[in-house]
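A.B. asks: Everything below, folded, please.
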Amino acid sequence: MELKGKRIAVLVDNLYQEMEVWYPLYRFREAGAEVVLVGAAAGQTYTSKLGYPAVAGTSYGEVRASDFDGVVIPGGFAPDHIRRHSKALQFVREINDQGKLVAAICHGLWVPCSAGILRGRRATSFFAIKDDVINAGASWEDSEVVVDGNLVSARKPDDLPAFCVAAIRIAAQAPVAA
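C.D. replies: Below you'll find the predicted structure:
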């Protein structure tokens, strides 16, 4: 249980990619972490691209970076909705500024782009948003997973095993949130 005592936020909104929410959520729980779904409104149900429901346990306005050890940002089209919320972007920026895990997969990299935390870093994403990642200042790589300090990124659902191994490793290295 390498993540015992750790708290991880998984951001959700409508049209999220199912595997990119549930696979990391269960892997982090298996590793001993408490995982919280965070959306625009606490208690709201967000549906995936295929209609699978996810209920947000809390909202962007209620979370504090100091209470979490990392954040996972799934893909699908949800990141385009998530990045419209300034409090979500602030949360991701503060997690990053505290050196805690920021893990984004597929289109999830849209959120770090909008949060302004990619300049001078290495990252990967789904190829369709490669230009967005580059324009946000990152050096884009076509790799299964890219780890740059506390930032973990991956391209697509097929990369989830390597993505979760890397994300759990980075989260395990950070001190437990107070």
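
A.B. asks: List the buried residues of stretch 75-88.
C.D. replies: Across stretch 75-88, burial judged by 16 or more other C-beta atoms under 10 Å covers 75-76, 78-79, 81-83, 85, 88. In this view, the C-beta of every residue, glycine as well, is placed from N, C-alpha and C.

A.B. asks: Among these, name the ones in helices.
C.D. replies: 78-79, 81-82, 88 (DSSP state H).

A.B. asks: Show me which of those residues is closest to residue 103.
C.D. replies: Proximity of these to residue 103 (C-beta to C-beta) peaks at residue 79, which lies at 12.8 Å.

A.B. asks: which stretches of this protein form strands?
C.D. replies: Using DSSP state E, the strands of the chain run over 7-11, 34-39, 45-47, 53-55, 58-59, 70-73, 101-105, 122-123, 139-140, 145-148, 151-154.

A.B. asks: Using a markdown table, lay out these together with mean pLDDT and mean neighbour count.
C.D. replies: Output for the strands of the chain, formatted as a markdown table (pLDDT from 0 to 100; neighbours: other C-beta atoms under 10 Å):
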| stretch | mean pLDDT | mean neighbour count |
| --- | --- | --- |
| strand 7-11 | 98 | 25 |
| strand 34-39 | 98 | 20 |
| strand 45-47 | 98 | 17 |
| strand 53-55 | 98 | 15 |
| strand 58-59 | 98 | 16 |
| strand 70-73 | 98 | 30 |
| strand 101-105 | 98 | 30 |
| strand 122-123 | 98 | 22 |
| strand 139-140 | 98 | 18 |
| strand 145-148 | 98 | 20 |
| strand 151-154 | 98 | 28 |
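
A.B. asks: pLDDT score for residue 174?
C.D. replies: For residue 174, the pLDDT comes out at 70.

A.B. asks: Run a quick neighbour tally on it.
C.D. replies: By the measure other C-beta atoms under 10 Å, the count of residues near residue 174 is 17.

A.B. asks: Looking at the strands of the chain, spot the one closest to residue 129.
C.D. replies: Proximity to residue 129 (C-beta to C-beta) singles out strand 139-140 among the strands of the chain, at 9.3 Å.

A.B. asks: Pairing partners for that closest one, with directions?
C.D. replies: Here strand 139-140 is paired, per DSSP bridges, with strand 122-123 (parallel).

A.B. asks: Now the two most distant members of the buried residues of stretch 75-88.
C.D. replies: Checking the buried residues of stretch 75-88 with C-beta to C-beta, the most distant pair is 75 and 85, at 17.0 Å.

A.B. asks: Nearest to residue 58 among the ones in helices among the buried residues of stretch 75-88?
C.D. replies: Closest approach between those and residue 58, by C-beta to C-beta: residue 88, at 11.9 Å.
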